[in-house]
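1. sequence unknown, structure follows:
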């Protein structure tokens with residue numbers, strides 16, 4: 001299994017937007033039931049942000065990002081995106097993707113993630 005690779009992070013002002021990308025292998029996309037986004041803020045546990053089903057494209061979001069974040073996928077590129085709008089400083093974290101919908105304890109290994117900093 002090739003570990004998904006996250007990209008697209010950076011520094012953004014409150015209220016701004018960013019789009020993160022998760023490049024996964026075809027094996028990951030076809031074998032696992034979902035690709036999820038997770039984040040870990042300084043001093044906090046890693047938490048699930050949301051995920052997209054590999055079978056039907058349904059999406060699920062945590063309450064803290066519902067209505068602001070959107071997960072989508074490009075099957076031709078084996079890439080999953082996380083569009084983040086109306087960002088707040090509380091969204092500052094390292095963001096990861098993994099072949100798991102919501103429970104970070106079920107993820108065997110993590111990529112390097114991509115840093116998102118929301119600050120004025």
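-> Looks like it came in fine. Bear in mind that the values here come from a model prediction, so they are computed numbers and not experimental data.
2. only C-alpha atoms for contact and neighbour calcs from this point on.
-> Will do.
3. quick check, residue 63 in a strand?
-> No - Residue 63: not assigned to a strand; according to DSSP: H, G, I helix; E, B strand; the rest coil it is coil.
4. Count the neighbours of it for me.
-> Close neighbours of residue 63, defined as other C-alpha atoms under 10 Å, add up to 9.
5. Quick check: pLDDT value at it.
-> Looking at residue 63, its pLDDT reads 96.
6. Could you do residue 74 as well?
-> The confidence metric pLDDT takes the value 87 at residue 74.
7. dump the residue contacts of it.
-> Shown in contact with residue 74 (C-alpha atoms under 8 Å, 6 or more residues apart in numbering): residue 80.
8. quick one: it from residue 68, how far?
-> Distance of residue 74 to residue 68, given as C-alpha to C-alpha, to the nearest Å: 20 Å.
9. Same check on residue 11?
-> Applying C-alpha to C-alpha to residue 11 and residue 68 gives a distance of 18 Å.
10. in the protein, what spans have low per-residue confidence?
-> 1-2, 26-31 (pLDDT under 70).
11. did I read that right, residue 105 in a strand?
-> No - going by three-state DSSP, the assignment for residue 105 is helix, not a strand.
12. Burial check on the closest residue to residue 18 other than its chain neighbours, number of neighbours?
-> Closest residue in space to residue 18, ignoring its immediate chain neighbours: residue 84 at 5.3 Å, by C-alpha to C-alpha, 6 or more residues apart in numbering. By other C-alpha under 10 Å, the residues close to residue 84 number 19.
13. contacting residues around residue 84?
-> For residue 84, the contact set (C-alpha under 8 Å, 6+ apart) comprises 17-20, 68-70.
14. which stretches of the protein form strands?
-> Using DSSP state E, the strands of the chain run over residues 5-7, 10-12, 18-23, 34-40, 47-53, 59-61, 69-74, 79-84, 93-98, 114-118.
15. Alright, calling it a day.
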